[in-house]
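Participant: Following is a predicted model, sequence given first.
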Amino acid sequence: MNTSTTTRAAADTAACHEPHSEPSEEGRLRVALVGNPNVGKSVLFNRLTGRYVTVSNYPGTSVAVTRGHAHVGVHDAEILDTPGAYALVPGTEEERVTQDVLLDGVCDVLVHVVDAKNLPRSLPFTLQLLECGRPLVLVLNMMDELRSLDLIIDVPALEERLGIPVVPMVAIHGDGMEHLHTVLSDVVSMPVPSPVSYGNGIGTAMDRVEAALQAEYPVSTRALSSLLLQGDPGARERIEAGEPDGGAEVARVVDEATRALGGPGVYRTAFERQRVASELLEEVFRSPAKQKKRRGERLGRWLARPMTGLPILFLILYVGLYQFVGVFGAGTLVDLIEGPLFESRINPFFETLFQGIPWESVRGLFVGEYGMLTLGIRYAVAIILPVVGSFFLFFSILEDSGYFPRLALLVDRAFKRIGLSGRAVIPIVLGFACDTMATMVTRTLETKRERVLSTLLLALAIPCSAQLGVILAILSGHGMALGVWALSLLGTFMVIGYLSARLLPGETASFHMELPPMRLPRPGNVMVKTYSRMQWYFLEVLPLFLLASIMLWALDLTGMLRVVEGILTPVVSALGLPAETSTIFLLGFFRRDYGAAGLFDLNQQGLLDVVQLTVAAVTLTLFVPCVAQFLMMVKERGWKTATGMFLLITPLAFGVGAFLNVSLRWIGW
Amino acid sequence: MTAHIHRCSAHSCPSQPLTTLRAGGGGIISCLTDPELPRTARLASLGLLPGVEVRVVQTYPAWVVRLGFTDIALDDQMASLVRVLRTA
Ligand SMILES: Nc1nc2c(ncn2[C@@H]2O[C@H](COP(=O)(O)OP(=O)(O)OP(=O)(O)O)[C@@H](O)[C@H]2O)c(=O)[nH]1
Ligand SMILES: [Mg+2]
């Protein structure tokens, strides 16, 4: 029994259960890394397991649990990297993911990772974790930043007051890893720490609720009672499922105890924890009388103010996106790989290789207009890969600098008009990398309304990196066309956002976000991140590209392609486009970027004039998301919503295209 | 300090909303007003709690307040829930 005399002196009744967790398979030690967002949990996870999960300098990078293996001392351990959370009571979907890990007991040891310089702000969370009734280790990460601010933490004193091991660490350099290994290897033999005692009626209230709990739970009854007092729906669900009477009695006790507190439980408990934490930290956490200015602080301020921030935003878009990704990546690099490599070497090589096949139609499966090798591989390797590679490189540098939270702050007011808060900037800009990934990141938004809105806007108006790069390359010769394309997207984004914000019920979400310090991107992380994203992208893309090639080949062979093109022709001609373009819409249905690559090809053959190019580019960008994104929409938002969005987007894309065609012709382009 | 939470009316309380401060100004949080619980709970979990010292770094287009060694951005609506006893 995890009896703690200090806390439950009076109420140490039979109701106090040890958490009852399923032993892990093969007796593996399960270690969960938890803590606030952006404190370095994923860096630590990568160090422990040798795997790579994405590390970025903004809150909300990880939105799902990742598992990996590590050897700690004699144990074979399973490590869980969890999404960052500010409290045990979740405010967003990804915090709920973390709460589930804790409440459903899928871990044996908790490692609370904190940003050492923010220890006073993080300690209340440590106190919450102490209630969970599992061995707990506190990792003080980012000790390098703590030292540069002349702050001091008395580690032995902290260990003594909390009664748990405390490990100072600089995760990015690996300092403190050995210490952590030592601590973890004998942590199971460590007694379960005792929760601290709360005053101001909180402790008594928890005792009362705890005494009312009858069933066994995978988490300690202490943690459950504390969550119940805070009105947490997750805890209530578990009680309703677990208690013999469906939780009625417990609910009554919770109500009574809350009333006795004289105010909302969340708030009272937070305040009391804060009080206990600051008492604990007296003499332990020492800061200099005057705060030192931090490196990068001034830059951070410039980025977050409209007068300086907006010009810098345009500069970043111009230099990074247009010059580096569009002109260099999608222009220079693609030309280098496409022409000399594919057109004059690889494709002819494949063609001679398959010359031996006597049947024209079978040969066409591999080489030829829709050949898997000449079309599928060429699109993927020669056009898409250089484009996404340069984009991911540029994007990773921005991510690691700490720019995005400042951008969120900068556009919050504008975003409120379309029913979103500045927080939605993170998924929206991630959409420019990959809309599928971004759809999942909408979990970090607080209200369902905001999640639905941003999913819609991602599907409609945000081109993914591959599509974006290719379109920038195609239109880079025509400044006006590029402008019209960009304005059409922005216009659609704003108008549809504005209208759906009016139509969807609910209130606009409020905005809050922690601004991490500006940090110098570490080349190592930038490279690994770029590489792992390219690898992931390529592995995801290639099978689909090949599949699309096969489909096209089969359609062509059976004559169905003519039929489908026949069906699409009226649509395409309403856009003022030649019949050949119907193929690219067909391709676009498979993947956004595949369609764009098709457009790239048509353009190189000189088949389109400027108006046609612009109209095709706009329509393709707005047109349906790729298959992967659609599946993610179904997963995150459900069938109904996803299908509804699809049905809305398709006519809308063609409508905007047709309108653009008519108006551009009308003004005599 | 014995901070009062929740039931803070402008009349009886010498504090002022954070949104009345200018950039560079600071104070000690006295209470969080409570028109809507989830928002106040969020503020609390971010560490914006009675007794904590804050400084306003920026006011537009959103509020940036510094507490300890972190900057937190808040919109008008969130920032106006925080009441402070002004110190600077
Ligand atoms: N200076 C310094 N920076 C660090 C240290 N550990 C992590 N970082 C940086 O902190 C940022 C966040 O790291 P992540 O590992 O992504 O943080 P996380 O806790 O997984 O964040 P979420 O997934 O958002 O919850 C990155 O920019 C890291 O480079 C450290 O010890 N010192
Ligand atoms: Mg992470």
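Facilitator: In hand now; what should we look at? The shown structure was predicted, so the numbers you read here are calculated from the model rather than taken from an experiment. Ligands and ions are numbered 1, 2, ... in the order given.
Participant: Run through chain B and note the low-pLDDT ranges.
Facilitator: By pLDDT under 70, the weakly predicted segments of chain B are B:1-13, B:35-36.
Participant: now the strands: where do they sit in it?
Facilitator: Secondary structure of chain B (DSSP state E): strands at B:16-17, B:26-32, B:53-58, B:63-67, B:70-74, B:82-86.
Participant: now the end-to-end length of stretch B:57-64.
Facilitator: From its first residue to its last, stretch B:57-64 covers 5 Å (Cα to Cα, to the nearest Å).
Participant: next one: stretch B:76-86
Facilitator: End-to-end distance (Cα to Cα), stretch B:76-86: 18 Å.
Participant: Just list what the longest helix along chain B packs against, helices and strands only.
Facilitator: In chain B, assigned by DSSP state H, the helix with the most residues is helix B:37-45. Using 3 or more Cβ pairs under 8 Å, 6 or more residues apart in numbering or on different chains; DSSP states H and E as the contact test, the elements touching helix B:37-45 are helix A:265-281, strand B:26-32, helix B:76-79. For every residue, glycine as well, the C-beta is placed using N, CA and C.
Participant: let's see it at 10 Å
Facilitator: Helix B:37-45 is packed against helix A:119-130, helix A:265-281, strand A:512-515, strand B:26-32, strand B:70-74, helix B:76-79, with contacts defined by 3 or more Cβ pairs under 10 Å, 6 or more residues apart in numbering or on different chains; DSSP states H and E.
Participant: Show me how far the last one is from its chain's centre.
Facilitator: Going back to what we said before, that points to helix B:76-79. Distance of helix B:76-79 from the chain centroid (Cα atoms, centre = their mean, to the nearest Å) equals 9 Å.
Participant: what's the answer for the second one, then?
Facilitator: Relative to the mean C-alpha coordinate of its chain, helix A:265-281 is positioned 31 Å out (Cα atoms, centre = their mean).
Participant: same deal with the first one?
Facilitator: Here helix A:119-130 shows a centroid-to-chain-centroid distance of 25 Å under the convention Cα atoms, centre = their mean.
Participant: related to what we said a few turns ago, compute the inter-axis angle for the longest helix of chain B and strand B:82-86.
Facilitator: Relative orientation of helix B:37-45 versus strand B:82-86 (axes from the mean of the first three to the mean of the last three Cα atoms, to 10 degrees): 50 degrees.
Participant: For the host helix or strand of A:Glu636, which helices and strands make contact with it?
Facilitator: Using DSSP states H and E, A:Glu636 sits in helix A:627-637. Contacts defined by 3+ Cβ pairs under 10 Å, 6+ apart place helix A:627-637 against helix A:435-441, helix A:448-461, helix A:523-558, helix A:582-590, helix A:592-604, helix A:639-666.
Participant: Same question for it: list its buried residues.
Facilitator: Under the neighbour-count criterion of 16 or more other Cβ atoms under 10 Å in any protein chain shown, helix A:627-637 has A:627-630, A:632-634, A:636-637 buried.
Participant: Touching that helix from outside, list them.
Facilitator: With contact meaning Cβ atoms under 10 Å, 6 or more residues apart in numbering or on different chains, helix A:627-637 is reached by A:93, A:431, A:434-443, A:448, A:451-452, A:455-456, A:458-459, A:464, A:540-541, A:544, A:547-548, A:589-592, A:624-626, A:639-646.
Participant: Any chance of a ChimeraX selection covering the buried ones in those residues?
Facilitator: To isolate the buried ones among those in ChimeraX, judged by 16+ other Cβ under 10 Å, type:
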select /A:93,431,434,435,436,437,438,439,440,441,442,443,451,452,455,456,458,459,464,541,544,548,589,590,591,592,624,625,626,641,642,645
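Participant: Need the nearest residue in space to residue 84, chain neighbours excluded.
Facilitator: Using chain A. For A:Gly84, ignoring the flanking residues on the chain, the nearest one in space by Cβ to Cβ, 6 or more residues apart in numbering or on different chains is A:Pro37 at 2.8 Å.
Participant: oops, chain B please
Facilitator: Take B:Val84 and drop its neighbours on the chain: the residue closest to it by Cβ to Cβ, 6+ apart is B:Gly27, 3.3 Å away.
Participant: Give the bridge partners for that neighbour, please.
Facilitator: B:Val54, B:Arg86 (DSSP bridges).
Participant: Columns distance to ligand 2 on top of the helices and strands packed on helix A:627-637, output as a markdown table?
Facilitator: Shown next, in a markdown table, are these (distance: least, Cβ to the ion, whole Å):
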| stretch | distance to ligand 2 |
| --- | --- |
| helix A:435-441 | 12 |
| helix A:448-461 | 20 |
| helix A:523-558 | 12 |
| helix A:582-590 | 32 |
| helix A:592-604 | 27 |
| helix A:639-666 | 27 |
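Participant: Arrange these in a markdown table, one row each, with mean pLDDT as further columns.
Facilitator: Shown next, in a markdown table, are those (pLDDT from 0 to 100):
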| stretch | mean pLDDT |
| --- | --- |
| helix A:435-441 | 90 |
| helix A:448-461 | 94 |
| helix A:523-558 | 85 |
| helix A:582-590 | 77 |
| helix A:592-604 | 82 |
| helix A:639-666 | 93 |
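Participant: Name the stretch from those that approaches B:Gln77 most closely.
Facilitator: helix A:448-461 (14.3 Å; Cβ to Cβ).
Participant: now the closest one against helix A:627-637, angle please.
Facilitator: Using the same axes, to 10 degrees: helix A:448-461 against helix A:627-637 is 170 degrees.
Participant: Where does the stretch 551-669 of chain A get nearest to ligand 2, which residue?
Facilitator: In the stretch 551-669 of chain A, the residue that lies nearest ligand 2 is A:Glu636 (18.8 Å; Cβ to the ion).
Participant: Distance of that residue relative to A:Val452?
Facilitator: Counting by Cβ to Cβ, to the nearest Å, the gap between A:Glu636 and A:Val452 amounts to 10 Å.
Participant: now do A:Met645
Facilitator: Applying Cβ to Cβ to A:Met645 and A:Val452 gives a distance of 9 Å.
Participant: likewise A:His112?
Facilitator: Look at A:His112 and A:Val452: by Cβ to Cβ, they are 33 Å apart.
Participant: Check A:Glu351 too.
Facilitator: Distance, A:Glu351 to A:Val452, using Cβ to Cβ: 49 Å.
Participant: before we move on, back to that, so which of the helices and strands packed on helix A:627-637 is nearest A:Ser287?
Facilitator: Here helix A:523-558 is closest among the helices and strands packed on helix A:627-637 (Cβ to Cβ), at 29.0 Å.
Participant: Buried residues in the helix or strand that that closest one is followed by, which are they?
Facilitator: Following helix A:523-558 in sequence order, the next helix or strand is helix A:560-574 (DSSP H and E). Within helix A:560-574, the residues that count as buried by 16+ other Cβ under 10 Å are A:561, A:565, A:568, A:571-572.
Participant: Over to stretch A:193-211?
Facilitator: Those buried within stretch A:193-211 under the rule 16+ other Cβ under 10 Å are A:193-196, A:198, A:202-211.
Participant: from these, which is closest to A:Thr619?
Facilitator: Set against A:Thr619, the nearest of the buried residues of stretch A:193-211 by Cβ to Cβ is A:Val209 (58.7 Å).
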